[in-house]
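In: Please work out how this folds:
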Amino acid sequence: MSASAAFSQEAGSIQAALRQQLGEVKQAMAQNQAQLRQYAWTETVEISLKGEVKRRNQNACSYGPDGTVQKTPIGEPPPPPSGRRLKKRIVEKKVDELKDYMDRVVSLVGRYVPPDPQSMQAAFAAGKATLRPGAGILIFGDYAKPGDQMTLTFDQSAKKLISFVVATYLDGPKDTVTVNARFASLPDGTSFVEQSVLDASAKQIQVKTTNFDYHKIR
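Out: Got it, this is the predicted structure:
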């Protein structure tokens, strides 16, 4: 067999393995999403600015009839001591001033989280997907924006996502936004994002979201 034929055969095998892995990921995600819709849970969101937590909120979450997550705020944080009220108002003002920026970041991240099967398929069709054989790691380039990257780690035996990492940007390459998420499993095998950490380094903002207390409602 010639070198070119051997290379072509190897490339074909890699593409076949990638196609199979992508198919397994998409199927597992669809099945898991259907199971998740039976649950309600609690979400805690911490917003940090320059390494210091500035706001912490909790929401009761569940899926609505249209498949989107419905969130209801849980209570109000206790009022600070009188001597700290002015400081709290200053902190809240700083956070609110960044609201427009954060709204844009959240909208951007919504293009990646949760991973979209159609976007993954499009990246594969465009030759922008790669597989690390044996590791269950799928890497998608130019997934939602030119130069971005999304990396999924898939447990091939359990047929579950373990983690995903997003590296993207808002207005330009220097305005980086990253997301690191790890998954955990419920007793019935349903997996969920246990914690995700969003970093918008240009503004020194971090948003940590933790999900817990899952219980069936359907």
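
In: the strands in this protein, which residues?
Out: Taking DSSP state E as the test, the strands found in the chain are 39-49, 52-63, 69-73, 129-132, 137-141, 149-155, 160-169, 176-185, 191-200, 205-216.

In: Mean neighbour count added to those strands, as a markdown table?
Out: (Each C-beta comes from the backbone N, C-alpha and C, glycine too.) Shown next, in a markdown table, are the strands of the chain (neighbours: other Cβ atoms under 10 Å):
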| stretch | mean neighbour count |
| --- | --- |
| strand 39-49 | 17 |
| strand 52-63 | 15 |
| strand 69-73 | 12 |
| strand 129-132 | 18 |
| strand 137-141 | 20 |
| strand 149-155 | 19 |
| strand 160-169 | 20 |
| strand 176-185 | 17 |
| strand 191-200 | 19 |
| strand 205-216 | 16 |
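
In: mind giving me a markdown table with these and columns for distance to residue 122 and mean pLDDT?
Out: Listed next are those as a markdown table, based on distance: least, Cβ to Cβ, whole Å; pLDDT from 0 to 100:
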| stretch | distance to residue 122 | mean pLDDT |
| --- | --- | --- |
| strand 39-49 | 30 | 94 |
| strand 52-63 | 25 | 92 |
| strand 69-73 | 24 | 95 |
| strand 129-132 | 9 | 92 |
| strand 137-141 | 9 | 95 |
| strand 149-155 | 12 | 95 |
| strand 160-169 | 16 | 95 |
| strand 176-185 | 20 | 95 |
| strand 191-200 | 23 | 95 |
| strand 205-216 | 27 | 95 |
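
In: could you redo the ones you listed as JSON lines and give each row distance to residue 107?
Out: Converted to JSON lines, these look like this (distance: least, Cβ to Cβ, whole Å):
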{"stretch": "strand 39-49", "distance to residue 107": "16"}
{"stretch": "strand 52-63", "distance to residue 107": "18"}
{"stretch": "strand 69-73", "distance to residue 107": "15"}
{"stretch": "strand 129-132", "distance to residue 107": "24"}
{"stretch": "strand 137-141", "distance to residue 107": "20"}
{"stretch": "strand 149-155", "distance to residue 107": "16"}
{"stretch": "strand 160-169", "distance to residue 107": "12"}
{"stretch": "strand 176-185", "distance to residue 107": "11"}
{"stretch": "strand 191-200", "distance to residue 107": "12"}
{"stretch": "strand 205-216", "distance to residue 107": "13"}
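
In: Touching, residue 64 and residue 70? I think so.
Out: Yes - with contact defined as Cβ atoms under 8 Å, residue 64 reaches residue 70; the gap is 4.5 Å.

In: Go through the strands of the chain and name the closest to residue 114.
Out: Between residue 114 and those, the tightest spacing by Cβ to Cβ is seen for strand 191-200, at 7.9 Å.

In: Can you tell me the strand partners of the closest one and which way each runs?
Out: Taking DSSP bridges as the criterion, strand 191-200 sits next to strand 176-185 (antiparallel), strand 205-216 (antiparallel) in its sheet.

In: so which of these gets nearest residue 39?
Out: Among these, if distance is taken as Cβ to Cβ, the winner is strand 205-216, at 4.8 Å.

In: Touching that closest one from outside, list them.
Out: Identification of contacts with strand 205-216 by Cβ atoms under 8 Å, 6 or more residues apart in numbering yields 38-49, 51, 61, 98, 101-102, 105, 186, 190, 192-200.
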